[in-house]
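> the following block contains a protein sequence and its predicted model.
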There are 2 protein chains.
Amino acid sequence: MKSIKNPDKRTWTDLVKRPTNFYEDIEQTVASIFKEIQAKSDVAVSKYSNLFDGVNLKSFEVSKEEIAEAIDQIPSELKSAISLAKSNIERFHEAQKTEKIEVETTKGVFCWKEKRAIQKIGLYIPGGSAPLFSTVLMLAIPAKIAGCQEITLCSPPDKSGKINPAILYAASLCGVTKILKIGGIQAIAAMTFGTETIEKVYKIFGPGNQFVTVAKQFATKFGVAIDMPAGPSELLVFADESANPSFVAADLLSQAEHGSDSQVILVSTSQQIIDTVSVEIKKQIKVLPRLEIAQKAIANSKLILVQTDEIALELINEYAPEHFIICAKNENFFINGIQNAGSVFIGNYAPESAGDYASGTNHTLPTNGFAKNYEGVNLDSFLKSMTFQKITSEGIQNIGKAIEIMAEAEGLQAHKNAVTLRLNELQNATK
Amino acid sequence: MKSIKNPDKRTWTDLVKRPTNFYEDIEQTVASIFKEIQAKSDVAVSKYSNLFDGVNLKSFEVSKEEIAEAIDQIPSELKSAISLAKSNIERFHEAQKTEKIEVETTKGVFCWKEKRAIQKIGLYIPGGSAPLFSTVLMLAIPAKIAGCQEITLCSPPDKSGKINPAILYAASLCGVTKILKIGGIQAIAAMTFGTETIEKVYKIFGPGNQFVTVAKQFATKFGVAIDMPAGPSELLVFADESANPSFVAADLLSQAEHGSDSQVILVSTSQQIIDTVSVEIKKQIKVLPRLEIAQKAIANSKLILVQTDEIALELINEYAPEHFIICAKNENFFINGIQNAGSVFIGNYAPESAGDYASGTNHTLPTNGFAKNYEGVNLDSFLKSMTFQKITSEGIQNIGKAIEIMAEAEGLQAHKNAVTLRLNELQNATK
């Protein structure tokens, strides 16, 4: 752990920097796979599934039988846990529904804004050691509430050609329309272009390794939207003397186990808290099954002592953490002042894992400082707003002159004409 | 004009296709200019301003004196028109403010969602023949309502080193923080990286030519967000016998004068309307100052006859127009059924130019079919939502078990531990 005391403001830019990733070489690979899948569709998808996942599947689509089998395999205890999480996520995302906004801006000029679902979306769920069925809940539940018509889920199969049963269970529970055993770059390319068996989608959601990340970014070149750019997961805890050091250590470790490139930061106004948390981390880390990963992440973690809450807040806003835990006497100061964060956890009984699974908030959040300009996934991520205007003859008479003058000043005569014709007609009608 | 009668559904994919643009070669240019500006800051910005805009400026920033001079130059008639537009745009975007959303998802688990402004934003306003001061209103007004702290505006100077006074007037009226005489790729790169005189921004808004479009897309590689991908402007009108053919023709032409690559489409259930609109277009086009541009766009326009309103709606949703005018007896059918459009104009007195300037809706809208997955600029474009959760000791006891089970099933032991520690402490406390 790197201990930093009262860092000079001029060093903050470096202090908040995340480890840089070089994606240039990956982009070449991504570009060539995209090109091949665009040209050869399923044949190319098969080729890369074989190459990267080591499987040769007759069909990419998960069958009803496989889903039924998966449902049987899930212990009832886990089913109950998922059910509780689903209910909380549903409640919080249902509450995010918004009504039509309607304003008569000028007499006779009625403007309104309504949201419509993005009709076809794609979810990417990584395979590998940790089967992220919780991410299925976080993406499919709001998609369903939003009213997305087609929800395609891609996840890489294991060597035996299967997807983890918990992922299948969650997908089937949350109304995913089609589940495909396709992973990595080839999954993102297939959803971008569509193939014989995979429908083209309009927006792609979900986490992934660096290949998936670059592929999602690359997909935007072809008109597909993505949830947000991704980077390694991260947690920043602010703790003063009111914090429980053992809880803080446990939270930092829960982040550290995600990956060796995870970012873990403690900011405190108390040297004693920093010291005690350090001791606790050393104690707790020993028993973790993902010890090696956590150790690497902890080695790069930062323990930062600052003199006041004000300095802490300024530094935290500059860092823009994905997850931000507040354990402070003066918690409202931080709640009101935080400008840039993905999700905020308040008090000694709000561990980050609560938001990861079951509190109801979404866990798909902006990393890498992107909390400055991106928001986490929420109901609106699956909707787009459209505006409408209905203008009466009185309305166009009220704003017509202004439009004519402005259009003329911009040198757009035909824009002006479209109004002039109408105003003339109305004038003639009243003669 | 291309007249198409009852097109077979299998031809729709081609029918809704926009003319393709090849940006590959531009991307090379963009990449090298970005690299140079990243390395050499202002020196490189000067170099490219000289090269592309033919000016050699001592300072990029527009001075207070220049703004005062511009204000003096604007005729009072135009000032009044801009004032009316501003008031309507403000009214509609003010109404888009949303309250905090708060839910107690489980007893003791309080989740809420609040929006915060994106602190630093950049606006790009093209120069050239049409000074788009209306776009300044459309971007700066909601940015100000959202509470963005720094609003930087870049616009290319003319040969004499000036920005059009109407742009300066609108910018100063709407509270733009800093106006810079920088255009094209170099403006986007400067706002992406920041230089000695230009602050780095978090999100870039605004239209532009193909160089600006590619530069904005390229900027996202460096963590900057953009409003949306751009393409040539477009209008689709649905008109049945209730439409006024002369108005429809005027609206199609107002779109056509934007650029020779503009997309103009009429869908109708009435051959007679199509015929009359054609005649009207030929009559009205003659007197336009931007005749040559309009002629090219009209030559590529499509007049599509379909048999029913239902087919029309399905085709329109497949096309996903930026602007969609409804002149139909059965207008509610289209209002309720439209899924993919940027902004919708209803009735014979709602020309597209009303929304371009003064009705109150925003005119920065998704083109090129992007209305399927992107929304137009609105108040939320300048905000990001953050989630919060405050959990009491009772709350963590209510959801803790579920978190433990799910974390364990995902193989994330440290996530589980963070909860177990807290549950144990609470259990011990009650003993």
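Everything's here; your move. Residues are numbered from 1 along each chain as shown, chains lettered A, B, ... in the order given.

> correct me if wrong: residue A:260 contacts residue A:290.
No - using C-beta atoms under 8 Å, residue A:260 is not in contact with residue A:290; the gap is 9.8 Å. Yep, even glycine has a C-beta here, placed from its N, CA and C like the rest.

> neighbour count winner among the two?
Just comparing residue A:260 and residue A:290: by other C-beta atoms under 10 Å in any protein chain shown the higher neighbour count belongs to residue A:290, 21 against 17.

> and the gap between that one and residue A:212?
Taking C-beta to C-beta, to the nearest Å as the measure, residue A:290 falls 21 Å from residue A:212.

> burial measure for residue A:217, as a count.
Residues within reach of residue A:217, counting by other C-beta under 10 Å, total 18.

> residue A:98 now?
A total of 16 residues lie near residue A:98 under the criterion other C-beta under 10 Å.

> go on, residue A:421?
By the other C-beta under 10 Å criterion, the neighbourhood of residue A:421 contains 19 residues.

> check contacts around the closest residue to it other than its chain neighbours.
Nearest-residue entry for residue A:421: residue B:250, 5.0 Å, with adjacent residues in sequence omitted and distances by C-beta to C-beta, 6 or more residues apart in numbering or on different chains. By C-beta atoms under 8 Å, 6 or more residues apart in numbering or on different chains, the contact list for residue B:250 reads A:414, A:417, A:418, A:421, B:280, B:284, B:351.

> near chain B, which residues of the stretch 101-250 of chain A?
Within the stretch 101-250 of chain A, the residues that sit near chain B (C-beta under 8 Å from any C-beta of the partner chain) are A:101-103, A:105-106, A:109, A:111, A:113, A:116-119, A:129-134, A:166, A:202-203, A:217, A:220-221, A:223-225, A:229, A:244, A:246-247, A:250.

> what segments of the stretch 101-250 of chain A are helices?
Using DSSP state H, counting those that start in this stretch, the helices of the stretch 101-250 of chain A run over residues A:133-146, A:165-173, A:184-193, A:210-219, A:245-256.

> Serialize those to CSV and add fields for mean pLDDT.
Below are the helices of the stretch 101-250 of chain A laid out as CSV (pLDDT from 0 to 100):
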stretch, mean pLDDT
helix A:133-146, 98
helix A:165-173, 97
helix A:184-193, 97
helix A:210-219, 93
helix A:245-256, 96
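
> surely residue A:93 touches residue A:377?
No - judged on C-beta under 8 Å, residue A:93 makes no contact with residue A:377 at a distance of 9.5 Å.

> shared neighbours, these two?
Contacts common to residue A:93 and residue A:377, judged by C-beta under 8 Å, 6+ apart, are A:142, A:362.

> could you list the buried residues of stretch A:49-68?
A:49, A:53, A:55, A:57, A:60, A:62, A:66, A:67 (16 or more other C-beta atoms under 10 Å in any protein chain shown).

> that should have said stretch A:71-83, apologies.
Residues A:74, A:78, A:81, A:82 are the ones in stretch A:71-83 that count as buried (16+ other C-beta under 10 Å).

> for residue A:211, see how far away residue A:25 is.
Remark: distance between residue A:25 and residue A:211 (C-beta to C-beta) = 11 Å.

> so which of the two has more stuff around it?
Shown here are residue A:25 and residue A:211; by other C-beta under 10 Å, residue A:211 has more neighbours (19 against 9).

> look up how far chain B lies from the more buried one.
Distance, residue A:211 to chain B, by C-beta to the nearest C-beta, to the nearest Å: 16 Å.

> repeat that for residue A:209.
Applying C-beta to the nearest C-beta to residue A:209 and chain B gives a distance of 16 Å.

> likewise for residue A:151?
Using C-beta to the nearest C-beta, residue A:151 is found at 14 Å from chain B.

> then residue A:64?
Taking C-beta to the nearest C-beta, one finds residue A:64 at 23 Å from chain B.

> swap in residue A:403?
Noted for residue A:403: a distance of 5 Å to chain B, by C-beta to the nearest C-beta.

> now whichever strand or helix holds that residue: average pLDDT?
Here residue A:403, judged by DSSP states H and E, is contained in helix A:393-409. The average of the pLDDT scores along helix A:393-409 is 98.

> show the contacting residues for the residue lying closest to residue A:103 once chain neighbours are set aside.
For residue A:103, ignoring the flanking residues on the chain, the nearest one in space by C-beta to C-beta, 6+ apart is residue B:95 at 4.7 Å. Residues near residue B:95 by C-beta under 8 Å, 6+ apart: A:101, A:102, A:103.

> backbone dihedrals for residue B:95, please?
The phi and psi values for residue B:95, taken as degrees, to the nearest 10, are phi -70, psi -10.

> just the pLDDT at it, thanks.
Looking at residue B:95, its pLDDT stands at 98.

> and residue A:388, helix, strand or coil?
Following DSSP: H, G, I helix; E, B strand; the rest coil, residue A:388 is assigned to strand.

> grab the nearest non-local neighbour of residue A:355.
residue A:361 is the one closest to residue A:355 (C-beta to C-beta, 6+ apart), at 4.9 Å.
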